[in-house]
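Visitor: Provide a 3D model corresponding to the input given below.
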Amino acid sequence: MSVLTILLKILAILGIVILSILGLLLLMVLIVLFVPLRYSGKGSYRNSTLKAKIKASWLLKLVRVSFEYGEEEPLSVKILWFDLLKKKEKKEKKVEEPKTEEPKAEKTKVEEPKTEELKAEEPKKVESEAVEFKSEAAGTVKTKAEISGKIDVSTSKAVGEDFDEDPSDKPDDLEDDPSDEPGEDVEEDSEEKSTQRSSKYDKIKKYIELVKSDEFKESFSLCKDSLIKILKHVLPRRWNVKATLGFDNPETVGKIFEFYGVFYPMLHRHVKFDGRFDEEIIDVEGFFKGHITAVTFLAVGLKILLNRNIRKVIKMFKETKNG
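Guide: Below you'll find the model as predicted:
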């Protein structure tokens, strides 16, 4: 075999490996986009006790999540037959096990006896601290006396002097300078405020014109339709509620019947209501089912981003904001 044939075989093997990896990646992307996430739930309220359970599964129930209200461990996350949350709890327990308790004999308090030298030095320290405190107190008294003397001297001078002083004796620094007049500053501030107000009004006018434009109306209608589409896709496809209600006052039951009669054309397939006028009872049960796929979100998002009107409106908003 020649070297060229060996190189060609190696390249063929590498190409097959690369194509297989790309095929697996493409398959994973298609699975994520097209395989739906299915969810369901059911609940009931009887004898003042509430029970509820919600489930979600993906990829033929290979990934399962469930939440059950009222249980000790309400949440569970499973991949195939492995429960992820229980494994975490077991690991935490294993980490907590190797804690060892100290022997009780070591926990006894040991008091260190004071030596005779320390006992002898304690009264000396107390005496020295008392002397320092007295000296500091004397110093503070002196300073207060000095301050009081200064105050007396200043007050005596103020009393002895005459108050009829000539205004000509005032220093030149106290005279009014013409430069201190605030006329020019006030005018400048008023001009700045007026320019700011005019710029704000111009921006508001531009925003109003933008909202009234045809591009904005078309983009708004597109966003509204896409949002309604997403809500229809996310909301459950099948749901049903059965309720039996009774109260002390029959008027409340009659009002509930009136409300139910208004929405009966829309709710008669999904809601069944039974009223009791002679007993107090609240009995409600129901279930719902639905599914969500990532393709719908991707399609709606691309439709919004690639629309020319929406791009124009975004550009106009940026220009008005910066301008």
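Visitor: how's the chain carved up into domains?
Guide: Listed by automatic domain parsing, the domain ranges of the chain are 36-94, 202-322.
Visitor: who are the packing partners of the longest strand along the chain?
Guide: Criterion DSSP state E: the longest strand present in the chain is strand 281-292. On a contact count with 3 or more CB pairs under 8 Å, 6 or more residues apart in numbering; DSSP states H and E, strand 281-292 meets strand 37-46, helix 214-234, strand 238-246. Placement of C-beta: from N, CA and C, glycine included.
Visitor: contacts for that strand?
Guide: 36-46, 48, 233-246 (CB atoms under 8 Å, 6 or more residues apart in numbering).
Visitor: list the buried residues in the next helix or strand after it.
Guide: Following strand 281-292 in sequence order, the next helix or strand is helix 294-305 (DSSP states H and E). Residues of helix 294-305 classed as buried: T296, V300 (neighbour count, 16 or more other CB atoms under 10 Å).
Visitor: how far off strand 37-46 does helix 294-305 point, in degrees?
Guide: Orientation check (axes from the mean of the first three to the mean of the last three CA atoms, to 10 degrees): helix 294-305 against strand 37-46 gives 110 degrees.
Visitor: return helix 294-305 as PDB; C-alpha atoms alone will do.
Guide: Extracted in PDB, the C-alpha atoms of helix 294-305 (Å, rounded to 0.1, in the frame of the first residue of the first chain):
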ATOM      1  CA  ALA A 294     -39.600  25.500  21.400                       C
ATOM      2  CA  VAL A 295     -40.200  25.900  17.700                       C
ATOM      3  CA  THR A 296     -43.200  28.200  18.200                       C
ATOM      4  CA  PHE A 297     -41.100  30.600  20.300                       C
ATOM      5  CA  LEU A 298     -38.200  30.500  17.800                       C
ATOM      6  CA  ALA A 299     -40.600  31.200  14.900                       C
ATOM      7  CA  VAL A 300     -42.300  34.100  16.600                       C
ATOM      8  CA  GLY A 301     -39.100  35.600  17.700                       C
ATOM      9  CA  LEU A 302     -37.500  35.400  14.200                       C
ATOM     10  CA  LYS A 303     -40.700  36.900  12.700                       C
ATOM     11  CA  ILE A 304     -40.500  39.900  15.000                       C
ATOM     12  CA  LEU A 305     -36.800  40.500  14.600                       C
END
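Visitor: tell me the buried residues in the next helix-or-strand element following it?
Guide: Once helix 294-305 ends, the next helix or strand along the chain (criterion: DSSP H and E) is helix 308-322. Neighbour-count burial for helix 308-322, counted by 16+ other CB under 10 Å, picks out N309, I310, K312, V313, M316, T320.
Visitor: surely the third one and E215 touch.
Guide: Yes - between K312 and E215 there is a contact at 5.0 Å, judged by CB atoms under 8 Å.
Visitor: what subset of the contacts of strand 281-292 is buried?
Guide: P36, R38, Y39, S40, G41, G43, H233, W239, A243, T244, L245, G246.
Visitor: any chance of the residues you listed in a markdown table, plus distance to G15 and pLDDT?
Guide: Listed next are the buried ones among the contacts of strand 281-292 as a markdown table, based on distance: CB to CB, whole Å; pLDDT from 0 to 100:
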| residue | distance to G15 | pLDDT |
| --- | --- | --- |
| P36 | 35 | 94 |
| R38 | 39 | 95 |
| Y39 | 42 | 96 |
| S40 | 45 | 96 |
| G41 | 49 | 95 |
| G43 | 56 | 94 |
| H233 | 40 | 94 |
| W239 | 52 | 94 |
| A243 | 65 | 92 |
| T244 | 69 | 91 |
| L245 | 70 | 90 |
| G246 | 75 | 89 |
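Visitor: which pair in those spans the largest distance?
Guide: Across these, the longest distance by CB to CB is 40.5 Å; it joins P36 and G246.
Visitor: nearest to S57 among the buried residues of helix 308-322?
Guide: I310 (35.7 Å).
Visitor: which SSE is P236 in?
Guide: Per DSSP H and E, there is no helix or strand for P236.
Visitor: so how far is G41 from it?
Guide: 8 Å (CB to CB, to the nearest Å).
Visitor: next one: K229
Guide: Taking CB to CB, one finds K229 at 23 Å from G41.
Visitor: what does N307 give?
Guide: 36 Å.
Visitor: nearest to G70 among the buried residues of helix 308-322?
Guide: Set against G70, the nearest of the buried residues of helix 308-322 by CB to CB is I310 (47.0 Å).
Visitor: was I right about that closest one contacting L302?
Guide: No - assessed by CB under 8 Å, I310 is found out of contact with L302, at 11.7 Å.
Visitor: and for V234, nearest residue in space, chain neighbours not counted?
Guide: Nearest non-adjacent residue to V234, counting by CB to CB, 6 or more residues apart in numbering: I292, 5.9 Å away.
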